[in-house]
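> sequence plus predicted model, see below.
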Amino acid sequence: MPSISKRVSPLFLALVVVPTLLAALYFLLLASDVYVSEARFVVRSPSKAAVTSLGQVLSGTGLSGATEESNAVVEYLESRGALADANRDGLLTRAYTAGSIFLLDRFGGLLPGNRERFFDYYLGKVEVEPDTTTQVLHLSVSAFDPDQARAINERLLEQSEALVNRLSSRARADALEVAESDARAAQERARTAAVRLAAYRNRAGIIDPEKEAEARLQGIAKLDDELVSARTQLQQMEAFTPAAPQIPYLRTQIAGLEKEIALRRSGVAGGRNSLSAAGARYQLLQLDSELAAKSLAATLISLQDAHAEAARKRAYVERIAAPSLPDYPIRPRRLGGVLAVFVLGLLGWGILTILLAGIREHREG
């Protein structure tokens, strides 16, 4: 009776039997159990509009998913910064380099460890899946101990919450800083304009040139009436009583009125120190003061809006499912792994057998 080694081809042994035995040895005896801790959370912000089914539910409290912050969390969890923050006390190092872990499974088992390889290893153990429909983030962490898997998941979740808080605080602080800076500048401009206007009033001795000019013009009008009356009376006396003793008095009175009217008119307009010149300067200063006051009112309204917007820009992480404590290892799939290696070996053996048979027939033909 021929031996088994003669009945089984070396090719079948090399492609099917040996790989299957090695896979059975690894998956059934050597491979370390892998526990997966899962958490689900959503980044909520009252400033976003509710556009999804979950957002509509959250909108009942004036809250919705904050897409920008969610994307930032995903990018952060898949970054070297997240690895460094989570491993600040050696948590990940202890979890993935323990001597109880099988050599091929633990970090640094065959190759010397460094930061780049540890980061690649970390990306293979941490998975972040954003749900674009519900905006819920799924965070899964694999480890060789259930408590360590949950601890790492909790650490990453806490870091995500801190990141969102920092982003939210920075956005509010930046918006308020700009608005408050504009308000301070507007207040300074309004104060400066008011001081200049008050200083000009003190220097010129005039509260309001326009009202002062109006009062002076009213006085000039009264003097004009008196001048007209005196001239009329003088003309009548010169015509009917040329020798009247009042004529010299009237002439003196008329000359005095004309001089007073000319003096007052020069004080209102035409002179360097006239009210018209003072009024032009006063109007410029008053216009600057009014514009500064309106600008201040506008910036104060903008500051109030900025405070309201800052209140709406608060974003935070809401946990839907806290990091779980795995009850049993879900990886590796031991029987499935052995079966997969066996099936792949059979496929490879079959394809290679057909190729070799074709080559032999081609040579013999």
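Alright, I've got the coordinates.

> show me the domain layout of this structure.
Listed by automatic domain parsing, the domain ranges of the chain are 10-31+332-353, 187-312.

> worst mean pLDDT among those?
Of all the domains of the chain, the minimum mean pLDDT falls on domain 187-312 (a mean of 70).

> any idea which helix or strand carries the residue nearest the centre of the chain?
Nearest residue to the geometric centre of the chain (Cα atoms, centre = their mean): A171, 4.1 Å. In this structure, A171 sits in helix 146-204 according to DSSP states H and E.

> off-centre distance for the stretch of helix or strand V36 belongs to?
Element membership of V36, judged by DSSP H and E, is strand 35-45. Distance of strand 35-45 from the chain centroid (Cα atoms, centre = their mean, to the nearest Å) equals 23 Å.

> who are the packing partners of it?
Strand 35-45 is packed against helix 53-58, strand 64-65, helix 67-77, strand 137-143, helix 146-204, strand 316-321, with contacts defined by 3 or more Cβ pairs under 8 Å, 6 or more residues apart in numbering; DSSP states H and E. Where C-beta positions appear, they are placed from N, C-alpha and C, glycine not excepted.

> tell me the mean pLDDT over stretch 99-112?
With pLDDT averaged residue by residue, stretch 99-112 scores 82.

> ok, now stretch 136-148?
In this model, stretch 136-148 has an average pLDDT of 93.

> over to stretch 163-173?
79.

> okay, now the closest residue in space to A298 that isn't next to it in sequence: neighbour count?
Counting by Cβ to Cβ, 6 or more residues apart in numbering, the nearest residue to A298 once its immediate chain neighbours are dropped is A186, at 7.7 Å. Look at A186: counted by other Cβ atoms under 10 Å, it has 21 neighbours.

> going forward, the N-terminal residue is numbered 17.
Shifting the count to begin at 17 puts that one at A202.

> correct me if wrong: A202 contacts K310.
No - using Cβ atoms under 8 Å, A202 is not in contact with K310, being 9.5 Å away.

> now do the contacts for the spatially closest residue to R350 that is not a sequence neighbour.
Of all residues not flanking R350 in the chain, F43 sits nearest, at 4.3 Å (Cβ to Cβ, 6+ apart). Counting by Cβ atoms under 8 Å, 6 or more residues apart in numbering, F43 touches 348, 350-351, 353-354.

> do the same with Y344
With Cβ under 8 Å, 6+ apart, Y344 has these contacts: Y51.

> follow-up on the earlier one: quick one, the helix holding A187 and strand 332-337 angle?
With axes from the mean of the first three to the mean of the last three Cα atoms, to 10 degrees applied, the angle from helix 162-220 to strand 332-337 works out at 160 degrees.

> chain center to helix 162-220, what's the gap?
Relative to its chain's centre, helix 162-220 lies at 12 Å (Cα atoms, centre = their mean).

> repeat for stretch 349-363
On Cα atoms, centre = their mean, the centre of stretch 349-363 falls 51 Å from the chain's centre.

> now that stretch: buried residues?
350, 353-354, 357-358, 361 (16 or more other Cβ atoms under 10 Å).

> looking at those residues, which is nearest V211?
Of all those, V211 sits closest to G353, with 84.2 Å by Cβ to Cβ.

> show me what contacts the closest one?
If you count contacts by Cβ under 8 Å, 6+ apart, then G353 has 39, 42-43, 47 around it.

> export these to a markdown table and append columns for secondary structure and distance to G272.
Listed next are these as a markdown table, based on DSSP: H, G, I helix; E, B strand; the rest coil; distance: Cβ to Cβ, whole Å:
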| residue | secondary structure | distance to G272 |
| --- | --- | --- |
| A39 | helix | 129 |
| Y42 | helix | 127 |
| F43 | helix | 127 |
| A47 | coil | 124 |
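
> now render those as a markdown table, adding distance to G129.
Listed next are the contacts of G353 as a markdown table, based on distance: Cβ to Cβ, whole Å:
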| residue | distance to G129 |
| --- | --- |
| A39 | 26 |
| Y42 | 22 |
| F43 | 25 |
| A47 | 20 |
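
> which among those residues gets closest to L108?
The nearest member of the contacts of G353 to L108, counting by Cβ to Cβ, is A47 at 20.4 Å.

> ok, how many other residues are close to the nearest residue to that closest one once chain neighbours are set aside?
Leaving aside its chain neighbours, A47 sits nearest to P348 (4.9 Å; criterion: Cβ to Cβ, 6+ apart). For P348, the neighbour count with other Cβ under 10 Å is 17.

> and if you look at A39?
For A39, using other Cβ under 10 Å, the count is 20.
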